[in-house]
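Peer 1: let's see this in three dimensions:
(3 chains)
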Amino acid sequence: MRTLATACTLLITSACAQSLPDIAPGDTDQVVAEHDERGIWAEMEQAESALLTSGALVADETLQAYVREVACRVASDYCGDIRVYVVERAGFNASMAPNGFMTVWTGLLLRVENEAQLAAVLGHEVAHYQRRHTLERWRSTRAATSAVTFLSIAAAVGGYGGAGNLVQLATQLALLSYSREQEREADSLGFERLVAASYDAEAAAAVWRNALAEQDAMDEDQAPPVLLSTHPASDERLTNLAALADMRGGERFAGRFDAAVARHRNEWIAAEIGKGRYGALDVVLQRLGDNGVASYWRGEMFRRSGETKKALAAYRMAVVSPEAPAVAHRGLGLTLWSLGRDSEALRAFTRYLVTAPQAKDTAMIRAYIKELK
Amino acid sequence: MRLVFAAALLLAASCEQVTLVEPGTQSINGAYEVTTPIAWSRFPLAPMEQWTVDGLPLQNLRLYATIKDGDALFDNSSPRPDDGVPRYRTSMRASDVADFVLASLAQVGTNDADFSNLRPAAFGSLSGFRFDITFFSSDGLAYRGLACGAIDAEKILHLLLYIGTDAVYFDAHREAVENIFRSLTLPNDQK
Amino acid sequence: MRAGTSLGFLLLMLAACVRTDPLLPELEFARSAETVSVLVMPTNIALYEITVAGLLEPNAEWTETARQNIATALGEHFAKHAANVLAYAPPQNSLLRHHPEHQQLVKLHDAVGSAILFHGQLPSLALPTKPVLDYTLGPGIAVLREDYEADYALFLTFRDSFSSSGRVALMVIGAALGAVVQGGQQFGFISLVDLNDGRIIWFNSLNSSVGDPRQEKGARETTRRLLDGLPL
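Peer 2: Sure, this is the predicted structure:
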């Protein structure tokens, strides 16, 4: 048994150590000459085709084009090989499929502060493609689980249940996280791409720092941000990226980024708040600064967690701000009502109906008003 | 739709038999009663029941008896490696419940979920609410839905959720579900 | 990265616990004309190699060979039965397998297929409200009839897996040690839709550990079993 375990360890180590040559820009024929890679590409093409008709893509063509453009800038010579899709999904993540399609979650666009930070993530993902990290992951998993299977056979004989269930590749790949070595590689290649495109060199470290800050604000039993579970981060990586960035400068393009995403932030926060992770979401809201949208959602978090006084203060700030959504009046009304301040609640609900006559809940609000009267 | 598969697989594992719900009055775990004009196939997943006529992937009526603070709507075995499961909170109002349903649908892998026409509606003797839903399954098939719920004095949420494919199977039993919603009575209600 | 092929996924999950007899709705079928046209929808097909550990590795060459072999065998079958075969033309220069106006129909068919397999294959999940598995895709099907002037549409979903040599060795070792190691398995679901009213007038499912569609002969045999009982 001991010999077997040692053999397995050797197998795992050797599988992880082998590194593949880069995909050459535009040269997908040479790459798919690899037998297993061809199968994976075919499967991923199906996944990509399914994504296109899944209803998950953000309908805003301008936003899709904008993110594509940023990706192209950092992908440079790989621009023609990469396809970028912005998908409507909460959570801090972007992912790169081995055949070159990248999904960028709206939750990521909510969290990055400027175009340079977006470019840092996209450049990092392009590096995963260029270095064929998914294939590498697949091969090492295949080798590693082979070893594990032999162990589980032994376990089965010992009475621990049968071995070898069939696992679908796509599911398997999605759950695998990159190795630390791969992350270091993608950090360094991604950083070069970021700087080559004249973006702010600090942006890469900032993204990971922000992801870690969000994780710190979570309860211990909560899963980390998805980006961190698939892209393991560490203080070492952060230090390296910060050191690389030292005094390099570059553009952030915060204005251009804001113009593309600002009008969506309200709906993207709405998608996050349902998860109930208020501590982590508050970190995100703080980065958005003191504006009506952030104030409104802070009010929602406080009201939903029963902190009525704080909710009231946040809603009060929101309703005087021009960019606050109309529902801020509803939140204010519900809060005042729960405090027994009926006449003020009535006024807030009335304001809501005046501001948003087409809202999805006008019938409900009219019933509240009737009850209050 | 993975969510129905997951739920039904769980059921298969528990070896619980699918039973026939005859037209007539049914008690949902003692929390409320409904009267159905048509027969359904019933999949119990206590404290919730799932009813369908044509099959779970095509349409199902989920009857939640007693949703308490911290409860989730769907089984937690989400196909998405994701952060945070939406949970019911006693601080919620009708519009929050609609958000809660949408967030729960998103969590189990549906796309582009939205609600409309949130309105007051009687839930037996309680003042409850209703709203309509649209979403796409993770594969992109269009679905529609109807929801009917109420929060009682103890802040317990009762909820009925009907979803079906936009083509054919939602409409197939929509009338029956509207009748079921109208038939709701609570244990203390006058018959 | 979700593959989005729930039907294929379901087939895989059902592999372990299915009964093997084909499912047939007790439907009356009358051939409406002497020569009928059958539109063959893009085959949802994938072949895998099972690694030693039981991971499924997609094999593009096998998939392509099997796709061609099965298409040829289908053509032969319909030629024998005086049916005119029309191939679905996917959009050009696109990753999409179907035109946007057909997407929802294809997805609805997938969902109906899932319902048939799910409730029809496992006796404990049979629906008291649906003793006969009689399903329709609804009047929306008219789009396909008008676009192709076809009478019927044929949908096929097929998955097959073959053990790698390492896996075969493991099966032998496992058997010697008294453990069961799963080998290759073939699953298929096929249906015929009446394009006049959208009804699924015939369907069949296949679960088998024999047959090899990578070979012409094997593909013909697999196709014959898939089409067993086809009323055309």
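Peer 1: how far away is the residue of chain C found nearest chain B from chain A?
Peer 2: Closest residue of chain C to chain B, Cβ to the nearest Cβ: residue C:115 (3.0 Å). For every residue, glycine as well, the C-beta is placed using N, CA and C. With distances defined as Cβ to the nearest Cβ, to the nearest Å, the gap from residue C:115 to chain A amounts to 20 Å.
Peer 1: can you name every helix or strand that the helix or strand that residue A:258 is a member of contacts?
Peer 2: Secondary-structure element containing residue A:258, defined by DSSP states H and E: helix A:254-261. For helix A:254-261, the elements it packs on are helix A:61-75, helix A:115-130, judged by 3 or more Cβ pairs under 8 Å, 6 or more residues apart in numbering or on different chains; DSSP states H and E.
Peer 1: picking that back up, I'd say the residue of chain C closest to chain B and residue B:60 touch.
Peer 2: No: Residue C:115 sits out of contact with residue B:60 when judged by Cβ atoms under 8 Å, with a separation of 10.7 Å.
Peer 1: up against chain A, what does chain B have?
Peer 2: B:81-87, B:89, B:91-96, B:98-100, B:102-104, B:106-107, B:111-112, B:115-120, B:127, B:129, B:131, B:135-136, B:138-140, B:142 (Cβ under 8 Å from any Cβ of the partner chain).
Peer 1: now, these that are in strands?
Peer 2: If you go by DSSP state E, those have B:111-112, B:115-120, B:127, B:129, B:131, B:135-136, B:142 in strands.
Peer 1: out of these, which are buried?
Peer 2: Listed as buried from these are B:111, B:112, B:115, B:118, B:119, B:120, B:129, B:131, B:135, B:136, B:142; burial here means 16 or more other Cβ atoms under 10 Å in any protein chain shown.
Peer 1: the residue nearest in space to the middle of chain B: what's it in contact with?
Peer 2: Nearest residue to the geometric centre of chain B (Cα atoms, centre = their mean): residue B:161, 2.5 Å. The neighbourhood of residue B:161, defined by Cβ atoms under 8 Å, 6 or more residues apart in numbering or on different chains, consists of B:61, B:62, B:64, B:73, B:101, B:145, B:146, B:147.
Peer 1: quick check: which element contains it?
Peer 2: Using DSSP H and E, residue B:161 maps to strand B:157-165.
Peer 1: sheet partners, orientation included, of that strand?
Peer 2: Paired neighbours of strand B:157-165 in the sheet (DSSP bridges): strand B:59-67 (antiparallel), strand B:142-151 (antiparallel).
Peer 1: could you confirm whether stretch B:20-27 reaches chain C?
Peer 2: Yes: in terms of Cβ under 8 Å from any Cβ, part of stretch B:20-27 sits within range of chain C, namely residue B:20.
Peer 1: ok, and for that stretch, which residues are buried?
Peer 2: Buried residues in stretch B:20-27, counted by 16+ other Cβ under 10 Å: B:21, B:26.
Peer 1: equivalent analysis for stretch C:151-165, please.
Peer 2: Neighbour counts over stretch C:151-165 (16+ other Cβ under 10 Å) mark C:151-164 as buried.
Peer 1: out of the helices and strands packed on helix A:254-261, the one nearest residue A:202 is which?
Peer 2: Using Cβ to Cβ as the measure, helix A:115-130 is the one of the helices and strands packed on helix A:254-261 that comes nearest residue A:202, at 7.9 Å.
Peer 1: packing partners for that closest one?
Peer 2: helix A:61-75, strand A:94-96, strand A:101-105, helix A:106-111, helix A:180-196, helix A:203-216, helix A:254-261.
Peer 1: quick check: buried residues in the fifth one?
Peer 2: Which is helix A:180-196. Across helix A:180-196, burial judged by 16+ other Cβ under 10 Å covers A:182, A:183, A:185, A:186, A:187, A:188, A:189, A:190, A:191, A:193, A:194, A:195.
Peer 1: could you tell me the angle between it and helix A:203-216?
Peer 2: 130 degrees (axes from the mean of the first three to the mean of the last three Cα atoms, to 10 degrees).
Peer 1: among the buried residues of stretch C:151-165, which lie within strands?
Peer 2: Restricting the buried residues of stretch C:151-165 to those inside strands, with DSSP E as the criterion, leaves C:152, C:153, C:154, C:155, C:156, C:157, C:158, C:159, C:160, C:161, C:162, C:163.
Peer 1: near chain A, list only the ones from those.
Peer 2: Of the residues in those, proximity to chain A by Cβ under 8 Å from any Cβ holds for residue C:161.
Peer 1: looking at the ones in strands among the buried residues of stretch C:151-165, which is nearest residue B:169?
Peer 2: Closest approach between those and residue B:169, by Cβ to Cβ: residue C:155, at 17.6 Å.
Peer 1: who's in contact with that closest one?
Peer 2: Residues near residue C:155 by Cβ under 8 Å, 6+ apart: C:41, C:44, C:106, C:109, C:113, C:190, C:191, C:193.
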